[in-house]
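Chemist: make a model of this:
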Amino acid sequence: MKNIDSAGHVTGQSLFVDELPGISGILFAVPVPSPIACGQLLKMDLSAALAVPGVERIITAADIPGENQIGSIIPDEPLLARGAVHYIGQPVALVVAKSERAARKARNLIQIGYKEKIPVTDARQAQQMGHLLVPPRTFQLGDTEKAWQQCHHVFEGRADSGGQEHVYLETQGAYAWLTENGCVLVHSSTQSPTSVQKGVARVLGLPMNRVEVDTRRLGGGFGGKEDQATTWGALAALAAWCVKKPVKLVLSRHDDLFMTGKRHPYSSDFRIGLSGDYKILAWEVTYYQNGGAATDLSPAIMERTLFHSTNSYFIPNVKATAYSCRTNLPPNTAFRGFGGPQAMFVLESAITLAAEKLGIPAHVIQEKNLITQNDHFPYGQQAENVHVTDCWKEARAQFSLPSKLKDVETFNASESIFRKGVSLMPVCFGISFTNTPLNQAGALVHLYRDGSIGISTGAVEMGQGVNTRMVQVVASAFSVHPERIRIETTNTTRVANTSPTAASSAADLNGKALQAACLPLLERLKKVAAGMTGTAEQTISFRDEKVFSGEEESGVNWVKLIETAYLERISLSEAGHYATPEIHFDKSIEKGYPFAYYVCGTAITTVTLDCLRGQYKVDSVEIIHESCKSFNPGLDLAQVEGALVQGIGWMTMEEVAYNEKGKLLSDSLSTYKIPDIHSAPGMISVRFHKSDGPALAIMGSKAVGEPPLMYGIGTYFALRNAMKAFRPDLEPVFDAPLTPEKVLMALYHNKQ
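Modeler: Predicted coordinates:
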């Protein structure tokens with residue numbers, strides 16, 4: 001089945017927040033950012049700004065009728081700063097005008113007096129100063145102290161991975177207006193309508209039932225709109241509340257770049273110990289997470305880092321500690337992978353360091369330590385139906401690894417300037433929200449008397465095709481043509497208390513909720529069909545919009561069945577709810593069963609490096625990815641390819657740069673580079689590893705949103721192998737992204 005949004009997207013008919021029809025009297029809002037990263041606001045002179053024609057009002061913290069707070073995990077993030085400011089770009093006021101141009105002109109005329117302090121932008125410095133967002137956490141397995149004595153080889157090092165800008169096509173935005181009886185409606189570009197609803201209610205001092213949040217679709221999210229969309233939804237609603245008119249707030253690209261958080265940069269120390277036959281016996285790692293100025297989702301992201309500290313490997317003795325550090329940068333937030341990629345990069349760096357010191361390929365150590373059935377992860381969950389080894393072996397065989405390595409060796413021996421490198425990147429990624437209560441979803445199904453169907457879920461469509469999957473779930477449940485089904489916008493009045501569309505769980509949770517709604521409807525329809533055909537209810541089934549009794553067609557079709565059910569006053573509407581069974585986690589002992597299942601795979605990456613210029617290209621990425629019983633291979637393939645290239649971008653070119661004063665230097669798409677057609681791999685080959693899908697995956701089809709991003713990590717190590725082939729004495733520095741500038745400097749550092 002094709003993506004149901006494709007035609008609307010390519011013809012320009014799909015609607016996003018900024019394209020929703022304007023209501024009479026609409027106004028436009030522009031946020032006023034803090035010009036300093038740390039200090040005190042002393043005064044704001046608004047007189048010149050208020051004199052700009054078209055300006056209706058300038059809203060400050062004093063205008064908030066409820067609580068000036070939008071922090072979701074910890075209440076440490078004011079909607080509008082009052083007094084202290086903690087990062088450049090923090091909203092301190094909101095200009096509301098008859099046009100966006102007038103609002104921007106007024107913003108530039110606001111005079112802000114402040115007393116500046118020295119900001120802290122480095123996570124390690126923040127940790128030394130005791131500036132933590134939450135207390136540190138440690139996951140342990142076995143006894144590392146005793147294990148070091150058994151190790152034949154012990155290596156220590158450091159690994160750093162940078163941030164990453166989401167660069168969603170549609171910037172952050174919301175459109176709000178007041179409705180009857182003191183209620184407010186917010187159209188929000190958010191992955192979490194309920195989070196926006198809760199934030200707006202808090203700021204306006206309203207119960208949640210008086211705030212309606214509607215999300216039709218997003219022009220991309222990647223995690224950046226899971227928590228941070230709340231700021232802009234709440235500001236738009238606050239403005240509408242204050243001026244009693246509709247207000248639209250859509251950030252410019254520049255504002256979005258410097259006012260919003262990114263993927264968390266990490267700096268990590270590690271120590272790895274191996275036996276004489278290269279088994280990893282001990283692993284200790286300390287992560288310093290740069291959380292930015294407010295908590296946002298940093299504790300949950302830090303937790304998933306700990307969950308994925310051993311990636312695809314079984315290590316009997318583990319001690320992983322993470323610090324979430326408060327700095328004077330915009331609050332960093334969710335990004336595809338949610339802390340998992342940062343953890344995997346550190347362990348792959350440690351394995352690479354060990355391999356280089358021992359003079360063996362990294363894949364030798366990788367293969368010897370892959371996790372197998374009944375091994376345990378450091379947090380206590382047993383590896384059940386984990387197909388890491390199967391995917392690894394399949395990748396080696398399907399993509400002819402031995403001959404590939406031989407070809408690269410021959411090429412490198414014959415070249416003076418160019419070098420090739422190959423790497424293997426195994427992935428084992430847990431699927432579920434690690435915050436157990438979020439693993440639930442609701443759905444609503446209406447059967448209309450003409451046979452058409454309307455469905456509502458808590459899932460948000462943001463380009464990943466979840467709406468298409470939901471239509472497929474219902475079409476399969478009723479055995480009807482997908483064209484009969486219309487999926488509604490995601491709306492907090494139709495489906496309440498939604499979990500974010502995140503953690504690669506939206507299809508599973510919301511699809512299962514839809515199935516829960518369809519089942520009682522099917523039972524009621526079978527009773528009606530039995531009466532219409534004069535046969536036993538247990539013999540009734542539905543196939544291709546026809547009613548069957550046993551193997552015989554009854555002559556009753558779907559439309560006739562629904563019309564009859566209506567005439568007999570049978571309920572044709574049903575709500576469904578689903579909560580993932582079995583999963584749990586006890587933070588007091590850091591042990592439990594947090595994941596419904598795991599997605600595994602292996603990527604083999606080949607690169608060619610120009611060692612004179614530092615330029616490189618990714619020749620190929622060949623992937624075995626576990627999809628099990630995929631019910632939409634086309635969507636799955638698109639997700640794997642997109643995630644891969646996004647991961648390559650994070651590892652090679654997307655360099656987020658701040659100066660010592662906390663000012664973003666990479667604040668435009670001319671100074672921040674994302675992959676384009678010229679930097680994408682020359683060839684991407686994806687083959688799906690098929691096995692029996694777990695019961696907790698919708699229709700046996702495993703999640704696909706986040707895991708493939710980690711395949712991109714392999715590009716970093718393929719490049720390093722190419723660099724090592726040119727300069728064997730390359731220093732053991734692990735610092736991503738590995739930009740061409742860094743490559744060139746490393747190749748010729750201290751070289752006579």
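Chemist: can you check the pLDDT for Gln381?
Modeler: pLDDT, Gln381: 98.
Chemist: what about the closest residue to it other than its chain neighbours, distance to Thr436?
Modeler: Nearest residue to Gln381 in three dimensions, chain neighbours excluded: Tyr593, at 5.0 Å (Cβ to Cβ, 6 or more residues apart in numbering). For every residue, glycine as well, the C-beta is placed using N, CA and C. Using Cβ to Cβ, to the nearest Å, Tyr593 is found at 10 Å from Thr436.
Chemist: how close does the residue nearest to Gln381 sit to Pro500?
Modeler: Distance, Tyr593 to Pro500, by Cβ to Cβ: 22 Å.
Chemist: when the two are compared, which one has more neighbours?
Modeler: The neighbour count for Tyr593 versus Pro500, taken as other Cβ atoms under 10 Å, is higher for Pro500 (26 against 18).
Chemist: for this structure, give me the ranges with low pLDDT.
Modeler: The model of the chain has pLDDT under 70 over residues 752.
Chemist: related to what we said a few turns ago, ok, the residue nearest to Gln381 - contacts?
Modeler: Gly380, Gln381, Glu582, Ile583, His584, Phe585 (Cβ atoms under 8 Å, 6 or more residues apart in numbering).
Chemist: between which two of those residues is the distance greatest?
Modeler: With distances taken as Cβ to Cβ, the most widely separated pair in those is Gly380 and Glu582, at 13.4 Å.
Chemist: who has more neighbours, these two?
Modeler: Using other Cβ under 10 Å as the criterion, Gly380 and Glu582 rank with Gly380 on top: 16 against 9.
Chemist: give the bridge partners for the closest residue to the more buried one other than its chain neighbours, please.
Modeler: Once flanking residues are discounted, Gly380 sits nearest to Lys591: 3.7 Å by Cβ to Cβ, 6+ apart. Applying DSSP bridges to Lys591 yields these beta-bridge partners: Asp586.
Chemist: so which residues of the stretch 601-750 of the chain form strands?
Modeler: In the stretch 601-750 of the chain, the segments counted as strands under DSSP state E, counting those that start in this stretch are 615-626, 683-689, 734-736.
Chemist: kindly export the second one (C-alpha atoms) in PDB.
Modeler: So the one you mean is strand 683-689. Provided in PDB are the C-alpha atoms of strand 683-689 (Å, rounded to 0.1, in the frame of the first residue of the first chain):
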ATOM      1  CA  MET A 683      24.800   2.800  -3.100                       C
ATOM      2  CA  ILE A 684      22.500   1.700  -0.300                       C
ATOM      3  CA  SER A 685      21.400  -1.900  -0.200                       C
ATOM      4  CA  VAL A 686      18.900  -3.000   2.400                       C
ATOM      5  CA  ARG A 687      17.800  -6.600   2.800                       C
ATOM      6  CA  PHE A 688      15.300  -7.400   5.500                       C
ATOM      7  CA  HIS A 689      16.000 -10.300   7.900                       C
END
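Chemist: what is the orientation angle of that strand with strand 615-626?
Modeler: Per axes from the mean of the first three to the mean of the last three Cα atoms, to 10 degrees, the angle that strand 683-689 makes with strand 615-626 is 10 degrees.
Chemist: please spell out which residues along strand 683-689 are buried.
Modeler: Ile684, Val686, Arg687, Phe688, His689 (16 or more other Cβ atoms under 10 Å).
Chemist: so what's the residue count around Leu664?
Modeler: Counted with other Cβ under 10 Å, the neighbours of Leu664 add up to 24.
Chemist: the residue nearest to it when sequence neighbours are not counted is in what secondary structure piece?
Modeler: In space, and not counting its chain neighbours, Leu664 is closest to Phe258: 4.4 Å by Cβ to Cβ, 6+ apart. For Phe258, the host element (DSSP states H and E) is helix 253-259.
Chemist: so how far is stretch 681-688 from its chain's centroid?
Modeler: How far stretch 681-688 lies from its chain's middle: 22 Å, per Cα atoms, centre = their mean, to the nearest Å.
Chemist: who touches that stretch?
Modeler: With Cβ under 8 Å, 6+ apart as the test, stretch 681-688 has contacts from 394, 398-399, 605, 617-627, 630, 633, 636-637, 640-641, 644-645, 648.
Chemist: buried members of those into ChimeraX, please.
Modeler: The following ChimeraX line selects those of these that are buried, judged by 16+ other Cβ under 10 Å:
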select :394,398,399,605,618,619,620,621,622,623,624,625,626,627,630,636,637,640,641,644,645,648
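Chemist: who's in contact with Ile624?
Modeler: Per Cβ under 8 Å, 6+ apart, neighbours of Ile624: Cys391, Trp392, Glu394, Ala395, Gln398, Gly601, Thr602, Ala603, Arg687, Phe688, His689.
Chemist: the residues you listed into TSV, with extra columns for distance to Arg336?
Modeler: Formatted as TSV, the contacts of Ile624 follow (distance: Cβ to Cβ, whole Å):
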residue	distance to Arg336
Cys391	20
Trp392	23
Glu394	25
Ala395	22
Gln398	26
Gly601	15
Thr602	19
Ala603	16
Arg687	22
Phe688	20
His689	21
